[in-house]
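In: Here is my input, please return the structure:
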Amino acid sequence: MAINSEFLSKIDHECVGIIWATSDSLNPKLTHYNEIDYLLNGPIERESRNHPQGPHLFSSMSFGHPFIVGHLVFGMKDFNQKIEDLLRIMSGITVQSPKVFILTDDKTSLMEIEKLASKFPTLTLHHL
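Out: Numbering: from 1, shown residues only. Below you'll find the model as predicted:
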């Protein structure tokens, strides 16, 4: 299992979560699968076997505060509502300058996520 340390170095004390939107179900071939599994201490493998379609909500602790990862598949029912729900959860995590990373390769979804995030002005979005 190769881990991308450059990816991991971006997850700092201000990061409250990752929104991970993919065109494929949860599986080990997804970009940064190993890094996210590492950040969460390993629950992704079990979920990818038992419930690959999702949506998935993972929670862990990072730098003394909750750390949330939401995995969604493009085109799933209520995709935008699920993104908004994730952003709402993440906006409730108290850190000085909360950051949320968006991990997607779909430009249309990225723009939609950014639009939904405008409802949560305390969050700063970063595209990975």
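In: For the closest residue to residue 17 other than its chain neighbours, the count of nearby residues, please.
Out: Closest residue to residue 17 apart from its sequence neighbours, by CB to CB, 6 or more residues apart in numbering: residue 68 at 3.7 Å. Where C-beta positions appear, they are placed from N, C-alpha and C, glycine not excepted. As a burial measure, residue 68 scores 22 neighbours (other CB atoms under 10 Å).
In: mind listing what residue 68 touches?
Out: Residues counted as contacts of residue 68 (CB atoms under 8 Å, 6 or more residues apart in numbering) are 16-18, 57-59, 86, 89-90, 93.
In: Tell me the bridge partners for it.
Out: residue 17, residue 59 (DSSP bridges).
In: what's the spacing between it and residue 58?
Out: Noted for residue 68: a distance of 7 Å to residue 58, by CB to CB, to the nearest Å.
In: Next one: residue 42 from residue 121, what distance?
Out: Counting by CB to CB, the gap from residue 42 to residue 121 is 34 Å.
In: no, scratch that, I was asking about residue 14
Out: 15 Å.
In: With residue 107 instead?
Out: In terms of CB to CB, residue 107 sits 23 Å off from residue 121.
In: still on that earlier bit, and the contacts of residue 68, which of them are buried?
Out: For these, a neighbour count by 16 or more other CB atoms under 10 Å gives the buried set as 16-18, 57-58, 86, 89-90, 93.
In: Need the residues you listed in a markdown table (columns: distance to residue 29 and pLDDT).
Out: Below are these laid out as a markdown table (distance: CB to CB, whole Å; pLDDT from 0 to 100):
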| residue | distance to residue 29 | pLDDT |
| --- | --- | --- |
| 16 | 27 | 95 |
| 17 | 23 | 94 |
| 18 | 18 | 95 |
| 57 | 21 | 90 |
| 58 | 18 | 91 |
| 86 | 23 | 92 |
| 89 | 27 | 92 |
| 90 | 26 | 93 |
| 93 | 30 | 90 |
